[in-house]
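Undergrad: sequence-free structure coming up:
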C-alpha cells in the first residue's frame, strides 16, 4: 500500500472511530435513561450468584460492588 493510500485509510479509520464512539454513547444513554437496563443486568447477575461492579456517575473515583446477598462494598480508586 502506497503512502497516500495509507494516509487516506488512516483518516477514514479515525472518522469511523469517532462516529462509532458518538453512536455508542447515544445508545448507552438511551439504554440507561429509565433504569430498566441496570435492573435487568442486576437481576441476571444476581440470579447466577455473580456480583456487579460499577463506577459512581457523580464521583468517578468511587467504585461500588453489589453482591447477591445484599452486601454493598464501596472503594475509592
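TA: Thanks, I have the structure now. Quantities reported herein were computed from a predicted structural model and do not represent experimental measurements.
Undergrad: ranges for the strands of the protein?
TA: Per DSSP state E, the chain carries strands over the ranges 52-55, 62-66, 72-76.
Undergrad: tell me the most buried of the ones you listed?
TA: Per residue and on average, the most neighbours among the strands of the chain fall to strand 62-66, with a mean of 14 (mean count of other C-beta atoms under 10 Å). C-beta: built from backbone N, CA, C; applies to glycine.
Undergrad: surely residue 65 touches residue 53?
TA: Yes: with contacts counted by C-beta atoms under 8 Å, residue 65 reaches residue 53, the gap being 4.5 Å.
Undergrad: how many residues are close by residue 29?
TA: 9 (other C-beta atoms under 10 Å).
Undergrad: from residue 5, how far off is the residue sitting nearest the centre point of the chain?
TA: Among the residues of the chain, the one closest to the centroid is residue 28, at 7.4 Å (C-alpha atoms, centre = their mean). Distance check for residue 28 against residue 5: by C-beta to C-beta, to the nearest Å, it reads 34 Å.
Undergrad: same question for residue 43.
TA: From residue 43 to residue 5 the distance is 50 Å (C-beta to C-beta).
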